[in-house]
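Asker: Make a model of this:
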Amino acid sequence: MEIDPAPQRRSAPVRTCIGCRERELAVDLLRIVAQDRDAGDGSRIVAIVPDSRRRLPGRGAWLHPLSSCLRAAERRRAFGRALRVSGNLDISALEHYLENRHEHS
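Answerer: Next comes the predicted model:
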């Protein structure tokens, strides 16, 4: 009699929230990326934008889609380290996304 081996399970990707530092399934987290933008006066601004479809190019970081995790990441200065960018970071697009997401849920 042959013993049936354990069924092959595909493990789902696990990521760490840069705000609260908790490990979670990637489907439960929001991917964020940094994008260079022109400030209009010749200088560059690095905008932190949500990547809800997980398709934008570049290095990504993961965040619970909660304002508490956003504030924790901002307080810990985690955006620059996680995305490997420096300078003034604009998180207004991310704040706007989280506010609108909360209104529609």
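Asker: Can you list the neighbours in contact with the longest helix seen in the chain?
Answerer: Criterion DSSP state H: the longest helix present in the chain is helix 92-103. Applying CB atoms under 8 Å, 6 or more residues apart in numbering, the external contacts of helix 92-103 come out as Ile32, Ala47, Ile48, Val49, Pro50, Ser52, Pro65, Leu66, Ser67, Leu70. C-beta coordinates here come from the backbone N, C-alpha and C atoms, glycine included.
Asker: tell me the average confidence for that helix?
Answerer: For helix 92-103, mean pLDDT rounds to 88.
Asker: quick one: buried residues of it?
Answerer: Applying a neighbour-count criterion of 16 or more other CB atoms under 10 Å, one finds Leu94, Glu95, Tyr97, Leu98 buried in helix 92-103.
Asker: Likewise for stretch 45-52?
Answerer: Within stretch 45-52, the residues that count as buried by 16+ other CB under 10 Å are Val46, Ala47, Ile48, Val49, Pro50, Asp51.
Asker: Same question for stretch 20-30.
Answerer: Going by neighbour count (16+ other CB under 10 Å), the buried part of stretch 20-30 is Leu29, Leu30.
Asker: Need the contact partners of it.
Answerer: By CB under 8 Å, 6+ apart, the residues outside stretch 20-30 that reach it are 12-17, 50-52, 62-65, 68-69, 72.
Asker: ok, back up a step: can you give me how far the longest helix of the chain is from the chain middle?
Answerer: Counting by CA atoms, centre = their mean, to the nearest Å, helix 92-103 is centred 13 Å from the centre of its parent chain.
Asker: Which of the contacts of stretch 20-30 has the largest number of neighbours?
Answerer: Counting neighbours by other CB atoms under 10 Å, Leu63 comes out on top of the contacts of stretch 20-30 with 26 neighbours.
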